[in-house]
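Peer 1: Turn this into a structure:
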Amino acid sequence: INSTDETTAQQAFIGTNTGTVSNLRFENATVNAKRYAAVIVGLNFGTVKDCETDASCKVTLDSHVDFTSIGHDTSSSLFAPSGGISAENRGVITNCVNRADVTSDYTHVGGIAGQNTSAISYCTNYGDITAVATAGGIVGHLWGHTAIFGTVSYSGNMGNVTAIGSHIGGIVGWSRESAG
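Peer 2: Model prediction:
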């Protein structure tokens, strides 16, 4: 997938999932995009289970912005979730393995999901994660509000996580609860 459209929300082999995606293995998959991107699912409302990306896969978000001039800016203008399995998870991701490197000129970048407001379990990331900020081996940004909060359980990261800004973690880059 090679997209230069900055308005398209989900750029992956499955744009939006509301059902069940299972038992998929991706090899030599490349996603070059400007917004929400992942190998398997852009926006997940359903279930993704028993899926895998291999080391020949790559996800790249390139804004062509010189980030050395803005320093550690993590403003909403840099918000564009990306991940090896899903860009944004609002459903369930379980028993998945990501080996793809994920590189982004934006924030909210993770090996499994860039942003998670639901459940991720029994997943492993081996890919290298590179972002401006808010980067994690499993999830870049884990968040929620009131009674709804994202979780990561029984998961591990073996990849490198690199960012020039704040909120960097081996498992989760930034875990927070917002008001209301």
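Peer 1: what pLDDT, on average, does stretch 126-140 get?
Peer 2: Confidence for stretch 126-140, expressed as mean pLDDT, is 97.
Peer 1: just stretch 169-180 next, same as before
Peer 2: 84.
Peer 1: Buried residues in that stretch, which are they?
Peer 2: Going by neighbour count (16 or more other CB atoms under 10 Å), the buried part of stretch 169-180 is G169, G170, I171, V172, G173, W174, S175. Placement of C-beta: from N, CA and C, glycine included.
Peer 1: Identify the residues contacting the second one.
Peer 2: Residues touching G170, when contacts are defined by CB atoms under 8 Å, 6 or more residues apart in numbering, comprise G136, G137, N157, V161.
Peer 1: what's the burial count for I120?
Peer 2: Neighbour count of I120, defined by other CB atoms under 10 Å: 28.
Peer 1: which SS class is it?
Peer 2: Taken by DSSP: H, G, I helix; E, B strand; the rest coil, the conformation at I120 corresponds to strand.
Peer 1: Do you know the pLDDT at it?
Peer 2: pLDDT recorded at I120 is 97.
Peer 1: ok, now which ones touch it?
Peer 2: 89, 92-94, 112-113, 138-139, 150-153, 155.
Peer 1: picking up where we left off before, any idea which of the contacts of G170 has the most stuff around it?
Peer 2: That'd be G136 among the contacts of G170, by other CB under 10 Å, with 33 neighbours.
Peer 1: Contact partners for E27?
Peer 2: D54, S56, C57.
Peer 1: now it: how far from L142?
Peer 2: 29 Å (CB to CB, to the nearest Å).
Peer 1: from memory A113 sits against R90, does it?
Peer 2: No - with contacts counted by CB atoms under 8 Å, A113 stays clear of R90, the gap being 9.7 Å.
Peer 1: Looking at the two now, which is surrounded by more residues?
Peer 2: More crowded of A113 and R90, by other CB under 10 Å: A113, with 37 against 19.
Peer 1: name the helices or strands packed onto the worst-scoring helix or strand of the chain on mean pLDDT?
Peer 2: Ranking every helix and strand in the chain by mean pLDDT, DSSP states H and E puts strand 148-149 at the bottom, with a mean of 76. Of the remaining helices and strands, none touches strand 148-149 by 3 or more CB pairs under 8 Å, 6 or more residues apart in numbering; DSSP states H and E.
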